[in-house]
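# give me a 3D structure for the following:
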Amino acid sequence: MSRKEEHRIDDLIGCCEKIIRYTSGLTKEQLAEQEMVLDAVLRNIQVIGEAAKTLSEATRARMPGIEWKKIAGMRDWISHVYYRVDLDIVWITVERKIPELLGALEAFKHRDQP
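Model prediction:
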């Protein structure tokens, strides 16, 4: 069963919100020490990448500031090169990229609502 585009956007927003909530108040070192939190963050990054891959080209084109290929690539990297995940890259994603993505998705969703 195929999901509607707006549900995929909601999935992306939900994953971003979880990552922000899970890592709130943590340092990179604390994230590395908290195995379950790191696993949850990585899982949500994977879901973000998979959901991004399934958005239509038309929808992605309406959000040109988002680095869709990098998002998909991050998902692939975590999934296929899981044994050497670079915490520095994960941390940059958590600290900078996820809040930026969330802001862009929320702006798109509000702009698109009738």
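# distance of the spatially closest residue to Lys109 that is not a sequence neighbour from Lys70?
Leaving aside its sequence neighbours, Lys109 sits nearest to Ile9 (C-beta to C-beta, 6 or more residues apart in numbering; 5.7 Å). C-beta: built from backbone N, CA, C; applies to glycine. Applying C-beta to C-beta, to the nearest Å, the value for Ile9 to Lys70 is 18 Å.
# could you do Gly14 as well?
When Gly14 is compared with Lys70 (using C-beta to C-beta), they lie 20 Å apart.
# before we move on, the earlier item: number of nearby residues for the residue nearest to Lys109?
19 (other C-beta atoms under 10 Å).
# what's the answer for Trp77, then?
Look at Trp77: counted by other C-beta under 10 Å, it has 18 neighbours.
# report the secondary structure state of it.
Judged by DSSP: H, G, I helix; E, B strand; the rest coil, the three-state class of Trp77 is helix.
# low-confidence regions, this structure specifically.
Applying pLDDT under 70 to the chain flags residues 1-2, 112-114.
# still on that earlier bit, which parts of whichever strand or helix holds the residue nearest to Lys109 are buried?
Using DSSP states H and E, Ile9 falls within helix 5-23. Neighbour counts over helix 5-23 (16 or more other C-beta atoms under 10 Å) mark Arg8, Ile9, Asp11, Leu12, Ile13, Cys15, Cys16, Lys18, Ile19, Ile20, Tyr22, Thr23 as buried.
# please apply the same query to stretch 22-35.
Buried residues in stretch 22-35, defined by neighbour count with 16+ other C-beta under 10 Å: Tyr22, Thr23, Leu26, Leu31.
# which of those residues lies closest to Asn44?
Of all the buried residues of stretch 22-35, Asn44 sits closest to Tyr22, with 7.9 Å by C-beta to C-beta.
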